[in-house]
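K.L.:
Sequence and predicted structure, then a few things I'm wondering about:
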Amino acid sequence: MRDDNAARMNLRLLLRPLAFIAVLLLLWEIGIRRQSSHLLPGPWGTVEGIVDLVRHGLLLKYIVASLFRVTWGFTLAAALAIPLGLAVGWYRRAEMALNPILQILRPISPLAWIPIAILWFGVGDLAAIFLIFVGCFFPLMLTAINAVRSIPAVYVNAGRNFGLGTPSLVYRVLYPAVVPNLIVGLRITLGIAWLVVVAAEMIAVSSGLGFLIVDARNAGNRYDLVVAGMLIIGVIGLLLDLGMQSLEKVKSFRWGYSED
Amino acid sequence: MSQTQSVIAPTALKTKLSVDRVSMVFERDGKQTDVLDDIDLEVGDGEFVCLLGPSGCGKTTLLNAMAGFLSPTSGEIRVDGEIVRKPDPRRIFVFQERGVFPWLTVEGNIGFGLSKLPRAEREKRIAHYVKMVGLQGFEKTYPQELSGGMKQRLEVARALAVNPDMLLLDEPFGALDSITRLIMRGELLRIWEAERKTIIFVTHDIDEAVQLADRVVVMSARPATIQQIVNIDVPHPRDISSQRYLQLRDGIFQQIGLAHKL
Ligand SMILES: Nc1ncnc2c1ncn2[C@@H]1O[C@H](COP(=O)(O)OP(=O)(O)OP(=O)(O)O)[C@@H](O)[C@H]1O
Ligand SMILES: [Mg+2]
């Protein structure tokens, strides 16, 4: 009975945005047809653009190229920034020493690193991966620092009370206590990574979805391909976010999100 | 009135815990706060002692020092003759219900201190304490889905499961509604009678102290000193309308300077 209702609710929740999107697409198509100057390709033109990309075998290749860079940049950043941030958060003195540097580096847009990335790594995958790494590293490190610092002292005290030494305290109390905050941080950061890869590919490499967009414009003003690229970037970004969001539903993490 | 002033545990019991001239001074922003002033106390093995005192007097501080989370500025705390220097699973601190780990199920919480035991033994113990605190059927439930009282029982079960000699409880029932609080007092007494742990129980509720304790330690406002130690010589289960009970309770009310008329 309850499941039934829940299913119906889900359907309704899904139908409404879908209907809204359909209406928007329709208005877009109508708007395009009614004026002669080409401000934008219409939805139909965009679909044709996507089909064109698939036929040339570019779509999959570019998606894979972009995802490859994001995966490496993001994973490297997470693998370094999280342990480092946890350690720094745990030892207050380290935090006080590092904080000024972090606060200066953090507001620098990852795009400002593009010249340096190209200087160090040349035009290619490494430069793009480096940019994503830079874009993810600082937010992840700050997330990890704050996650440790917001662990309620009772958990740490309880852990020590049951006789845990430092390694088991880290593994059995510190780590589970920070996971919910880390997941939020990872989710936001993956979004940043996806923004950065597109920008990086416009300048620092010659493949990927970002490259597709500049290339389509440079090589003959194919705005249908530009909009197709944008759309695909949006959809993949959404899927990445949904993937991360589903982690928040894991039962042993969920306590970190309920506000009741 | 036949209230004892003695700080010594009843002679029949072996001394479990001794607090010897303990003082505590906190320093914050260059300002010094005297919190504990020359506290002397002995608690016998298996005794139930309530620490009673006004808010902010230093009860939690004293309990933290007994647990080994804080070291006193001067003086010594000994358990079984050994100076307390750090937390130890032989004396478990119960932090209201806030100390249960939200990332573990009821089973996971109760088994938290049992990771060194063989699996079969661990499961037996978990089942035993799940039953003792009446959480059967909730073994796989996360604390989020438990009520305040259930979380409180869970934390007590987690503490008991490691078979400590001593439980240190800091206003464990303070956050519960009055009915649940009464039930929990009964359950704690039942568990205490079954397991005979030494219990130090912090409260600022006079009735609660007199209902539960063998001895009530009445503390003054900050810096806390021990004003009086009252022997509650009423056998369990206590008749809370008996002459003796009321007499003891009123004595404490007066000691604290409260007339119990509103
Ligand atoms: N780490 C600390 N640094 C400085 N002062 C502290 C610290 N911990 C506690 N205090 C101070 O010590 C005093 C006693 O605190 P404590 O928590 O022991 O009181 P309490 O008797 O448990 O009060 P309550 O009944 O409200 O829980 C308070 O005035 C508090 O501000
Ligand atoms: Mg307190």
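P.N.:
Received it, and whenever you're ready, just let me know what you need. Numbering: from 1, shown residues only, chains lettered A, B, ... in the order given. Ligands and ions are numbered 1, 2, ... in the order given.

K.L.:
Please make it C-alpha for all contacts and neighbour counts, starting now.
P.N.:
Fine.

K.L.:
Can you report how many residues neighbour the closest residue to ligand 1 within the stretch 51-200 of chain A?
P.N.:
Going by CA to the nearest ligand atom, ligand 1 is nearest to A:A153 of the stretch 51-200 of chain A, at 11.8 Å. A:A153: 11 surrounding residues under other CA atoms under 10 Å in any protein chain shown.

K.L.:
and if you look at B:S74?
P.N.:
B:S74, neighbours per other CA under 10 Å, totals 15.

K.L.:
Touching, A:P110 and A:I129? I think so.
P.N.:
No: taking contacts as CA atoms under 8 Å, A:P110 lies outside contact range of A:I129: 11.3 Å.

K.L.:
And the two? Which one has more around it.
P.N.:
A:I129 (28 against 22).

K.L.:
Assumed the more buried one was part of a helix.
P.N.:
Yes: membership of A:I129 in a helix is supported by DSSP: H, G, I helix; E, B strand; the rest coil.

K.L.:
Now it. Nearest residue, chain neighbours left out?
P.N.:
Excluding the flanking residues, the one nearest A:I129 by CA to CA, 6 or more residues apart in numbering or on different chains is A:G73, at 4.7 Å.

K.L.:
check which helix or strand covers B:A209.
P.N.:
Assessed by DSSP states H and E, B:A209 sits inside helix B:206-212.

K.L.:
Quick one: residues contacting the most centrally placed residue in chain B.
P.N.:
For chain B, B:F201 is the residue whose C-alpha lies nearest the centre (CA atoms, centre = their mean; 2.4 Å). By CA atoms under 8 Å, 6 or more residues apart in numbering or on different chains, the contact set of B:F201 is B:F48, B:V49, B:C50, B:L51, B:L168, B:L169, B:D170, B:E171.

K.L.:
and those residues as TSV, adding pLDDT and secondary structure?
P.N.:
Below are the contacts of B:F201 laid out as TSV (pLDDT from 0 to 100; DSSP: H, G, I helix; E, B strand; the rest coil):
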residue	pLDDT	secondary structure
B:F48	94	strand
B:V49	95	strand
B:C50	95	strand
B:L51	94	strand
B:L168	95	strand
B:L169	94	strand
B:D170	92	strand
B:E171	90	coil
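
K.L.:
Just the buried ones among the residues you listed, please.
P.N.:
The neighbour-count test (16 or more other CA atoms under 10 Å in any protein chain shown) applied to these identifies B:F48, B:V49, B:C50, B:L51, B:L168, B:L169, B:D170, B:E171 as buried.

K.L.:
burial measure for the closest residue in space to the first one that isn't next to it in sequence, as a count.
P.N.:
What it means is B:F48. Using CA to CA, 6+ apart and skipping residues adjacent in sequence, the residue nearest B:F48 is B:I199, 4.7 Å away. By other CA under 10 Å, the residues close to B:I199 number 25.

K.L.:
what about B:I199, which SS state?
P.N.:
State at B:I199, reduced to three classes by three-state DSSP: strand.

K.L.:
what does B:G99 give?
P.N.:
The three-state assignment at B:G99 reads coil, by three-state DSSP.

K.L.:
Return the residues in contact with it.
P.N.:
Listed by CA under 8 Å, 6+ apart, the contact set of B:G99 reads A:V154, A:Y155, A:A158, B:E155.

K.L.:
thinking again about what came up before, residue contacts, the residue nearest to B:F48?
P.N.:
Counting by CA under 8 Å, 6+ apart, B:I199 touches B:G46, B:E47, B:F48, B:V49, B:M166, B:L167, B:L168, B:L169.

K.L.:
residue boundaries of the strands in chain A?
P.N.:
Shown for chain A, no strands are assigned by DSSP state E.

K.L.:
got the residues of chain B near chain A?
P.N.:
For chain B, the residues in contact with chain A (CA under 8 Å from any CA of the partner chain) are B:69, B:87-89, B:91-93, B:95, B:98-104, B:112-113, B:142, B:144.

K.L.:
In terms of residue numbering, what are the domains of the chain?
P.N.:
You didn't say which chain, so I picked chain A. Here the domain parsing of chain A from automatic domain parsing is A:1-38, A:47-256.

K.L.:
Switch to chain B, please.
P.N.:
As given by automatic domain parsing, the domain ranges for chain B are B:15-90+B:164-256, B:102-162.

K.L.:
Comparing the domains of chain A, which yields the minimum mean pLDDT?
P.N.:
When the domains of chain A are ranked by mean pLDDT, domain A:1-38 comes last with a mean of 80.

K.L.:
Now do the buried residues in that one.
P.N.:
Neighbour-count burial for domain A:1-38 flags A:W28, A:E29, A:I32 (criterion: 16+ other CA under 10 Å).

K.L.:
Mark which of those residues are part of helices, please.
P.N.:
With DSSP state H as the criterion, helices contain A:W28, A:E29, A:I32 from among those.

K.L.:
Take the residues you listed and write them to JSON lines, including distance to B:L36.
P.N.:
Putting these into JSON lines (distance: CA to CA, whole Å) gives the following:
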{"residue": "A:W28", "distance to B:L36": "75"}
{"residue": "A:E29", "distance to B:L36": "78"}
{"residue": "A:I32", "distance to B:L36": "80"}
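
K.L.:
Adding distance to chain B as columns, could you present those residues in a markdown table?
P.N.:
Compiled in a markdown table, these are given as follows (distance: CA to the nearest CA, whole Å):
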| residue | distance to chain B |
| --- | --- |
| A:W28 | 47 |
| A:E29 | 50 |
| A:I32 | 53 |
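
K.L.:
now, which of these sits nearest ligand 1?
P.N.:
Nearest to ligand 1 out of these is A:W28 (CA to the nearest ligand atom; 63.0 Å).

K.L.:
Could you find the closest non-adjacent residue to that closest one?
P.N.:
In this structure, A:W28 finds its nearest non-sequential neighbour in A:G42, 6.5 Å apart by CA to CA, 6+ apart.

K.L.:
Tell me which residues touch the one you found, please.
P.N.:
Residues in contact with A:G42 (CA under 8 Å, 6+ apart) are A:W28, A:E29, A:I32, A:R33, A:D224.

K.L.:
Now do the strands in chain B.
P.N.:
Using DSSP E, the strands assigned to chain B run over residues B:15-28, B:31-44, B:48-52, B:74-79, B:82-83, B:91-95, B:166-170, B:198-203, B:215-219, B:226-231.

K.L.:
Give me the angle between the second one and strand B:215-219.
P.N.:
Counting by axes from the mean of the first three to the mean of the last three CA atoms, to 10 degrees, strand B:31-44 lies at 160 degrees to strand B:215-219.
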